[in-house]
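Student: Sequence plus the predicted model coming up.
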Amino acid sequence: MAPTSSSATPIHRSSSRPQLDLSGAAIQGNIEERDPTILLPNQSDDISHLALDIGGSLIKLVYFSRHEDRPTDDKRKKSLKERLGVSNGTRRSYPILGGRLHFVKFETRKINECLDFIYSKQLHRGGIDPRGWTSEPQVNENAIIKATGGGAYKFADMFKERLGVSIEKEDEMNCLVAGANFLLKAIRHEAFTHMEGQKNFVQIDQNDLFPYLLVNIGSGVSMIKVDGDGKFERVSGTNVGGGTYWGLGRLMTKCKSFDELLELSQRGDNKEVDMLVGDIYGGMDYAKIGLSASTIASSFGKTISDNKELEDYRPEDISLSLLRMISYNIGQIAYLNALRFGLKRIFFGGFFIRGHAYTMDTISFAVHFWSKGDAKAMFLRHEGFLGALGAFMSYEKHGLDDLMAHQFVERFPMGAPCVGGKIHGPPLGDLSDKARNPIFTSKNILFADYNSERGHDSREEDQTIIISGVIVHHISWMEKFVQKGTEILAPVPMAPPGTTGLGGFERPSSKGETLRSDDAALNVGVLHLVPTLEVFPLLVDPKTYEPNTIDLSDHSELEYWFTVLSEHLPDLVDKAVASEGGTDDARRRGDAFARAFSAHLARLMEEPAAYGKLGLANLLELREECLREFQFLDAYRTIKQRENEASLAVLPDLLMELDSMSEESRLLTLIEGVLAANIFDWGSRACVELYHKGTIIEIYRMSRKKMQRPWRVDDFDAFRERMLGSGGNKPVPHKRALLFVDNSGADVVLGMLPLARELLRPNLSVRLAYTQNAENNFKGNCPNIHSGIPCLARYVVLVANSLPALNDVTAIELPEIVAEAAKHCDVLRKAAEAGGLLMDAMINIQDASKDDSSSVPLMVVENGCGSPCIDLRQVSSELAAAAKNADLIILEGMGRALHTNYNARFRCDTLKLAMVKNQRLAEKLVKGNIYDCVCRYEPAS
Ligand SMILES: Nc1ncnc2c1ncn2[C@@H]1O[C@H](COP(=O)(O)OP(=O)(O)O)[C@@H](O)[C@H]1O
Ligand SMILES: CC(C)(COP(=O)(O)O)[C@@H](O)C(=O)NCCC(=O)O
Ligand SMILES: [Mn+2]
């Protein structure tokens, strides 16, 4: 339990939406110090709000926790952010820093475990007072928890007695609908179809969501016609539901748990129990009415003709027969109701489904078969949490309903056993023994997901579990970490590859005999709420925008990238460990990171859609997130510094060389320079091997020498024409250019900065065009005048990562690099000085929407990402603001311009520049070879 603090000074956040007010919170010690301890009276997490759905079988918990910004080494970043109020989202006056939504469930018959969990995390002390979300330091008489489901009535007294809180009951149907509507609107890859073992995510158009049929398969089944928010009618239901399968199954098979029963079904053969069409028709199809011989004519029908007792049947066959009977029946009734009301879409929720492939396939089959393909069964990733989410939304000011998909980031943490930067627990060498021979009992995996939401914020080594007030166990983080890894690697239940055609199924084919543990099978991560994220405003069509260029649903593609990332792992671990001083602790964290990332990869190889729609960018981001989870804040720190220094040392010579050229050849040389310097990429195997063969400067020279036009994709002439004009075409200078920079060292110093400088320096072609225009009585001034001389772009915005990823330069590092470069360059110096050396530039950008004249020539903004790629649906609010008046985008690097955004269309002129540093990608994307270059220019569409 976290200690309480009486000397706590409250944090006050100005807020228009006070729902997550932290007035009860206090920072212990110096606010400036690294990772200060934040205390909320009587609780270990910052703040939590909780809602419950207490059903006949399961208790579902949704809770929200607010965490301080991730710990960072970089004081400057902190002070900059504080100064700018960036983390508070001042531009939009967001009142909250965001937080995380967690999903947990317990069996209803084990309600005590649920109460212990709430108590251990002090979730009931979230200060939910009926008067509002004002956190009270202590539980008060009026504290309430919103809950739905029958248990909200049945167990109300228990909550009062054990936790001192009152349950405020919410209507179950209301909650189901509110939860489903929220998920379908706010979570991008929430709904999917599942047919013949194939999972496909469905993009739901928010404006075309209603009406739909919601079928919630819990213990019993409710069918609700949903016409809008709060507009619904329970049109049907059936008492043959999840409770029926579990109840009958338990009686007939003696199984001890639901999962055991489901596992049995995977080895079952239902024709031993079911009467099939073929049994009646002597092995023939009844083709006239569309029934194959393997169609079930009568579930359990065969048991009447046999002279057998229950014991004579295999429990496996019984379980499968039951599962099919119930799933099929529900699918059929659902369709009949959809037909009744003319609904085409049916969403299925409830924990009966349990992400189980065979169950979903059976339901889908029934809907498809009876509707002749007209209606579609869709499933929800947060299947069983609809009611609990709805209850959460029923708090008067939960702040969730106006949030949108781009403000949620789902993470799948491993439960890193880190405490204050240290890995605790036994040496990692022991781990494989433990994994093979787990020491867990059913009791001490009670909180199997407990650590999933803690990540690197963990401050406790052991979790003490209190059951009925008695301390019964200590679980070390390490043990839980191993458990998580073991769970994640458990075999996946697979659906059969195909049906027999006319209404029958083959037997289920499972890759393993056991199901992935209940917890891991949820396929639901922690939803991080980042209110400041925005959709990049220059996308032509955000709805159809797909960041990933490579489709990993192609299995050979997935296999290839899986191998690339796996092979890169040892080197990455070495770099990461070295970046933390190579200590024993760093080594242990490195090993743990490698295990965790490998486990994620292995799982995704087996089940690519396990974490939602999967693209290469997701894998690359997962790797960075995983590093951060194990407290590797910047694995390439030293390498980046070394390369920056070396490149800055040769910058003056390069600038001199450039200055001696004509404008036309200079622009070409600059683009060549960007492409050549993009070779400095520590994420590419081939490049890393190159670095062992020469110094930075040698490689840079070699790379520049090899720049032969035409490049593999070469739109340079069109770009040059647009920039400098040609023949009768006058150049129309750009107003604001956004330069998405990539790697540290030569890439940014010798590539992108000189290009930025070119845009900002006085330009003869523009001057000429302007003068001619003026002579032709051109009214108005050329907008691009700095110090009285026109240039190619009036404002240049350098867009860099918010967090480190590989050797990419970050927005925090960039101002210092620009300042160093500015020592050798008047243009950069003047531009930077005009912006008060970038810090103020960032302040100004926030005002830019109000008054454009306050903008400065050169600024740095963070992009909101911590990945080598960029998903432009989720960028920082600063970048979104900076993009407002931008008319030129330059995307640089393989991650940002090829892996992602290669096919993205923008509303302004766009230049995509990258060197392809991977043979396979070169072949696939540009039909070329490794080290080929891409210079793709697309005028505004
Ligand atoms: N671990 C589990 N324990 C019990 N039932 C489970 C479990 N996992 C899935 N189920 C299935 O989920 C059903 C409960 O679904 P749920 O949506 O939670 O409904 P309810 O609100 O009625 O409890 C059970 O009847 C059973 O079929
Ligand atoms: C991670 C990267 C996208 C970074 O490239 P960059 O954006 O820096 O040009 C790239 O290095 C990559 O795709 N690497 C994996 C492929 C390989 O090692 O061949
Ligand atoms: Mn990079």
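Tutor: Yes, it's here. Every value quoted in this text rests on a predicted model; they were computed, and no experiment measured them. Residues are numbered from 1 along each chain as shown. Ligands and ions are numbered 1, 2, ... in the order given.
Student: what's the burial count for residue 308?
Tutor: Number of residues near residue 308 (other CB atoms under 10 Å) recorded here: 11. In short, each C-beta sits where N, CA and C put it, glycine included.
Student: So, low pLDDT: which residues of the stretch 401-550 of the chain?
Tutor: The stretch 401-550 of the chain contains residues with pLDDT under 70 at 401, 417-522.
Student: Which single residue of it ends up nearest ligand 2?
Tutor: residue 550 (9.7 Å; CB to the nearest ligand atom).
Student: Ramachandran coordinates for residue 873?
Tutor: Here is the backbone geometry of residue 873 (degrees, to the nearest 10): phi -80, psi -10.
Student: that older thread, looks like the residue of the stretch 401-550 of the chain closest to ligand 2 contacts residue 899 (just checking).
Tutor: Yes - Residue 550 lies in contact with residue 899 (CB atoms under 8 Å); the separation is 6.6 Å.
Student: Looking at the two, which one has more neighbours?
Tutor: Taking other CB under 10 Å, residue 550 and residue 899 do not tie; residue 899 has more neighbours (27 against 22).
Student: quick one, what contacts the more buried one?
Tutor: 548-550, 616-617, 620, 868-869, 921 (CB atoms under 8 Å, 6 or more residues apart in numbering).
Student: Distance to ligand 3 for those residues - can I get that in JSON lines?
Tutor: Below are the contacts of residue 899 laid out as JSON lines (distance: CB to the ion, whole Å):
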{"residue": "548", "distance to ligand 3": "16"}
{"residue": "549", "distance to ligand 3": "16"}
{"residue": "550", "distance to ligand 3": "16"}
{"residue": "616", "distance to ligand 3": "14"}
{"residue": "617", "distance to ligand 3": "12"}
{"residue": "620", "distance to ligand 3": "10"}
{"residue": "868", "distance to ligand 3": "5"}
{"residue": "869", "distance to ligand 3": "9"}
{"residue": "921", "distance to ligand 3": "14"}
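Student: Mind checking which of these are in strands?
Tutor: Among these, DSSP state E puts none in strands.
Student: before we move on, back to that, quick one: the residue of the stretch 401-550 of the chain closest to ligand 2 and ligand 1, what's the gap?
Tutor: To ligand 1, residue 550 is 35 Å away according to CB to the nearest ligand atom, to the nearest Å.
Student: wait, residue 536 sits on residue 883?
Tutor: Yes - contact between residue 536 and residue 883 holds when scored by CB under 8 Å: they sit 6.1 Å apart.
Student: For the lengthiest helix in the chain, give the mean pLDDT please.
Tutor: If you go by DSSP state H, the chain has its longest helix at helix 315-341. Mean per-residue pLDDT for helix 315-341: 97.
Student: got the residues of the stretch 351-500 of the chain near ligand 1?
Tutor: 351-352, 354, 384 (CB under 6 Å from any ligand atom).
Student: Please produce JSON lines containing those residues, extended by neighbour count.
Tutor: Listed next are those as JSON lines, based on neighbours: other CB atoms under 10 Å:
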{"residue": "351", "neighbour count": "22"}
{"residue": "352", "neighbour count": "30"}
{"residue": "354", "neighbour count": "20"}
{"residue": "384", "neighbour count": "27"}
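Student: Since that was my last question, I'll sign off now.
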